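Trainee: my questions concern the predicted model and sequence given below.
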Amino acid sequence: MNTLTRVLLSFVFIALLVFCSAEVVAQQRTEMKAADTSSPRATLKSFIDAGNEMAELVDETGYVNRNNTEHARIANRGYDCLDMSETAQFARFQRAGEVAVCIKEILDRVEIPNWDQIPGRSEIEAAGGFEKLSTWRIPGTRLTIARVGEGPQKHEYLFSPGTISRAVDYFENVRDQPYRTDGPAVSEGLYDDFLSAPGHPFVARIIGTLPESIRKTRMFGLATWKWPGVLLAIVIAVILFVISYRLLWKLTPRAQEKGIFLYWLTLAFPIVAVLVPLGFHVVIEDFLTVRGNPLYLLSFFARLTTLCAIFVLVVSVANRIAESIIASPRINPLGLNAQLIRIVSRMTSLVALLVMFIVGGQYLGIPVGTLLASAGIFGAAIALASQDILKSLLGTVTLLGDKPFRVGDLIKFQDYEGWIEDIGLRSTRLRLLEGHIVRLPNDQLANSDVENISNRKHIRKTATIHIPLDTPCEKVEKAVSIVREKLDDHPGMSPDLPPRVILDEFGSQSFCIRFWYWYSPPDLWAYREFNSRVNFEIFREFELHGVQYSLPFRHTFWKHDDEQGPLDVQLLQNQEEREL
């Protein structure tokens with residue numbers, strides 16, 4: 001097993017390990033019995049009881065672990081009393097914890113009416129039904145319990161979305177007020193415990209040995225003792241993320257050359273890159289119990305990084321699917337069909353990325369209208385800025401549909417002649433006969449005449465031999481027969497295309513013998529070798545039979561003075577009288 005295979009298998013193992021760990025954590029979050037939210041009284045009582053039970057449990061254990069069955073049972077009862085429908089989906093679970101603690105702290109500082117003064121089921125029916133009593137505000141506060149009109153919690157009485165969005169600010173306004181001394185039990189210091197308590201019993205034992213000044217003090221909204229763990233988690237996550245992509249860019253070309261199986265194994269790198277920010281989020285939330293604004297900020301960037309990593313994963317999967325199809329024996333990997341498959345896979349991945357952008361943006365709390373407008377504006381800007389690119393893309397589609405050439409063909413386009421090395425999305429790479437490389441825009445190739453030399457069935461040769469006008473007829477006939485004899489049944493001759501040799505015309509300075517022959521297969525260098533051999537044979541036979549060639553005839557006149565102007569030449573009848 002070579003080094004490349006061992007590295008790929010190691011990353012596959014890591015990806016499976018992280019995935020299984022995430023599944024175990026998810027399975028531990030068991031659904032518990034829901035709170036009673038049938039009326040404002042039932043909701044308020046369920047919420048206060050859940051808050052007091054949680055405070056007692058934290059005081060007893062010294063930590064908050066929402067993956068623990070007992071912790072989750074109590075916490076979920078409190079969360080059931082909150083309407084989180086207008087909170088960004090990615091932050092609902094984290095936001096619910098802080099909101100619940102802040103509302104409980106507010107309730108512990110204000111006077112709570114007697115239970116019989118709070119509307120229950122009977123009071124709701126007496127008032128004329130749910131429609132007549134849709135909201136109820138706790139006296140002396142800005143906390144509102146409202147009936148949900150739609151969604152999965154329809155007809156339940158929950159703390160309203162407005163209360164949820166401003167709960168932290170409400171708590172800051174009453175934080176300096178003393179706890180009440182009558183009514184339902186209070187949970188003093190619940191907010192401080194929520195921010196500073198660890199998420200694991202082992203960590204709780206270590207933190208319990210620290211001075212209270214370190215355990216309770218906060219810096220930038222985060223308990224001081226949590227900062228080293230958060231920074232270490234960030235460093236490890238960044239290192240793993242960077243290593244994953246460096247290995248992806250470095251090993252993928254090598255793996256692709258060695259086979260489609262190893263090429264698919266390199267998919268472990270982008271998978272690990274997707275799991276790294278997810279694992280980072282689990283660590284900071286469930287083990288370090290980061291809370292408040294630091295958690296929202298880190299969680300947002302972790303989810304955003306995950307979304308970007310999924311983009312790369314989708315493109316990588318699309319490329320591998322395309323290459324797997326192209327690896328079929330029925331498809332030429334250098335042909336236009338292969339290029340068409342690659343382009344279709346890229347277009348499909350772009351559509352998938354657009355859908356993921358909208359869905360992922362909505363998950364991160366960005367309104368759909370904003371996402372669609374952003375996508376439209378971005379698309380229009382891209383279209384205006386890259387009109388030439390779009391024309392080239394359309395030209396590429398035309399080339400792939402018409403298939404005038406494929407990779408490896410010898411073509412002639414305008415002043416360029418060479419072999420096709422690659423057909424890209426925007427341009428085609430051509431290796432000239434001189435060895436240079438030139439890139440030709442696909443839209444120009446699609447809209448112009450392209451001569452595909454490789455597709456010809458034969459190579460046609462046309463030439464003319466000039467014989468002097470004073471050559472006797474017998475020698476002219478002999479010259480024609482010599483050329484015909486040398487071309488008759490020549491190597492590479494097609495029976496359907498025999499050579500043609502004729503006395504074509506009487507020129508002003510010579511007789512013109514013209515001949516044509518067709519050479520197949522169209523091997524350029526074999527054709528040129530044959531052409532050279534035929535020329536030498538004709539040359540020898542002409543010398544042997546005294547057939548001469550007509551040479552160009554030219555007179556040159558010189559002017560003997562330094563004055564500029566036309567040369568005066570006069571041709572006289574008498575040779576003795578001729579002068580310049």
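Mentor: Great, that's in hand. Residues are numbered from 1 along each chain as shown.

Trainee: alpha carbons only for contacts and neighbour counts from here, please
Mentor: Will do.

Trainee: what average pLDDT does the lengthiest helix in the chain get?
Mentor: Counting residues, the longest helix found in the chain (DSSP state H) is helix 292-326. Averaged over helix 292-326, pLDDT sits at 87.

Trainee: helices and strands around it, which ones?
Mentor: Applying 3 or more Cα pairs under 8 Å, 6 or more residues apart in numbering; DSSP states H and E, one finds that helix 292-326 contacts helix 92-107, helix 260-265, helix 268-282, helix 336-363.

Trainee: list the buried ones in that helix?
Mentor: Within helix 292-326, the residues scored as buried using 16 or more other Cα atoms under 10 Å are 292, 295-296, 298-300, 302-323, 326.

Trainee: can you check stretch 151-166 too?
Mentor: 155-164.

Trainee: again with stretch 216-236
Mentor: Under 16+ other Cα under 10 Å, the buried positions of stretch 216-236 are 216, 218, 222-227, 230, 233-234.

Trainee: do the same with stretch 450-461
Mentor: The neighbour-count check on stretch 450-461 (16+ other Cα under 10 Å) flags 451-454, 458-459 as buried.

Trainee: export it to PDB, keeping only CA atoms.
Mentor: Below are the C-alpha coordinates for stretch 450-461, written out as PDB (Å, rounded to 0.1, in the frame of the first residue of the first chain):
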ATOM      1  CA  VAL A 450     -12.600  25.800 -39.300                       C
ATOM      2  CA  GLU A 451     -10.700  23.400 -41.500                       C
ATOM      3  CA  ASN A 452     -10.400  20.000 -39.800                       C
ATOM      4  CA  ILE A 453      -7.300  18.500 -41.400                       C
ATOM      5  CA  SER A 454      -7.400  15.300 -39.400                       C
ATOM      6  CA  ASN A 455     -10.900  14.400 -40.700                       C
ATOM      7  CA  ARG A 456      -9.800  14.300 -44.300                       C
ATOM      8  CA  LYS A 457      -9.700  10.900 -46.000                       C
ATOM      9  CA  HIS A 458      -6.700  11.700 -48.200                       C
ATOM     10  CA  ILE A 459      -4.300  14.400 -49.100                       C
ATOM     11  CA  ARG A 460      -4.600  16.000 -52.600                       C
ATOM     12  CA  LYS A 461      -1.500  17.200 -54.500                       C
END
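
Trainee: tell me the mean pLDDT for it?
Mentor: Rounded mean pLDDT across stretch 450-461 is 85.

Trainee: if we can go back for a sec, which one of the helices and strands packed on helix 292-326 lies nearest to residue 487?
Mentor: Smallest distance to residue 487 across these (Cα to Cα): 38.8 Å, for helix 336-363.

Trainee: are we agreed that residue 145 is in a strand?
Mentor: Yes: remark: residue 145 belongs to a strand, assigned using DSSP: H, G, I helix; E, B strand; the rest coil.

Trainee: list the residues that contact it.
Mentor: Residue 145 is in contact with 40, 135-138, 157-160, counting by Cα atoms under 8 Å, 6 or more residues apart in numbering.

Trainee: residue 399 is in what secondary structure piece?
Mentor: Under the criterion of DSSP states H and E, residue 399 resides in helix 387-402.

Trainee: mind checking what helix or strand follows that helix in sequence?
Mentor: strand 410-413.

Trainee: distance from the next helix or strand along the chain from that next one to the middle of the chain?
Mentor: Downstream of strand 410-413, the first helix or strand assigned by DSSP H and E is strand 416-423. Taking Cα atoms, centre = their mean, to the nearest Å, one finds the center of strand 416-423 at 28 Å from the center of the full chain.

Trainee: pull out the buried positions in strand 416-423.
Mentor: Buried-residue list, strand 416-423, by 16+ other Cα under 10 Å: 417-423.

Trainee: in TSV: the residues you listed, plus pLDDT and distance to residue 535.
Mentor: Output for the buried residues of strand 416-423, formatted as TSV (pLDDT from 0 to 100; distance: Cα to Cα, whole Å):
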residue	pLDDT	distance to residue 535
417	89	26
418	90	27
419	89	29
420	88	32
421	86	35
422	81	38
423	78	40
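
Trainee: nearest to residue 84 among the residues you listed?
Mentor: residue 423 (52.2 Å).

Trainee: quick one: contacts for the closest one?
Mentor: 339, 406-407, 429.

Trainee: the stretch 101-250 of the chain: strands as residue ranges?
Mentor: Along the stretch 101-250 of the chain, counting by DSSP state E, counting those that start in this stretch, strands occupy 135-137, 144-147, 157-159, 218-219, 222-223.

Trainee: which one of those lies closest to residue 282?
Mentor: Nearest of the strands of the stretch 101-250 of the chain (Cα to Cα): strand 222-223, 16.9 Å.

Trainee: quick one: low-confidence parts of the stretch 351-500 of the chain?
Mentor: Applying pLDDT under 70 to the stretch 351-500 of the chain picks out residues 362-393, 425.

Trainee: next: the stretch 151-300 of the chain.
Mentor: If you take pLDDT under 70 as the line, the stretch 151-300 of the chain has these spans: 213-215.

Trainee: how about residues contacting stretch 131-138?
Mentor: So stretch 131-138 is contacted by 40, 112, 124, 127, 143-147 (Cα under 8 Å, 6+ apart).

Trainee: next: stretch 507-514.
Mentor: For stretch 507-514, using Cα under 8 Å, 6+ apart, the contacting residues are 462-469, 480, 501-506, 550.

Trainee: among the residues you listed, name the ones in helices.
Mentor: residue 480.

Trainee: what's the PyMOL line that selects buried ones from the contacts of stretch 507-514?
Mentor: Listed next is the PyMOL selection for buried residues among the contacts of stretch 507-514, using 16+ other Cα under 10 Å:
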select buried, resi 465+466+467+468+469+480+501+502+503+550
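
Trainee: farthest-separated two in the contacts of stretch 507-514?
Mentor: 462 and 469 (22.1 Å).

Trainee: how is this structure carved up into domains?
Mentor: 31-216, 226-394, 457-580 (automatic domain parsing).

Trainee: what's near enough to touch residue 144?
Mentor: Here residue 144 is in contact with 135-138, 159-160, 163 (criterion: Cα under 8 Å, 6+ apart).

Trainee: count the neighbours of the closest residue to it other than its chain neighbours for me.
Mentor: Once flanking residues are discounted, residue 144 sits nearest to residue 137: 4.3 Å by Cα to Cα, 6 or more residues apart in numbering. Counted with other Cα atoms under 10 Å, the neighbours of residue 137 add up to 15.

Trainee: can you give me the helices for the stretch 51-200 of the chain?
Mentor: 69-79, 92-107, 121-126, 161-174, 190-196 (DSSP state H, counting those that start in this stretch).

Trainee: could you check the angle helix 336-363 makes with the longest helix of the chain?
Mentor: Relative orientation of helix 292-326 versus helix 336-363 (axes from the mean of the first three to the mean of the last three Cα atoms, to 10 degrees): 160 degrees.
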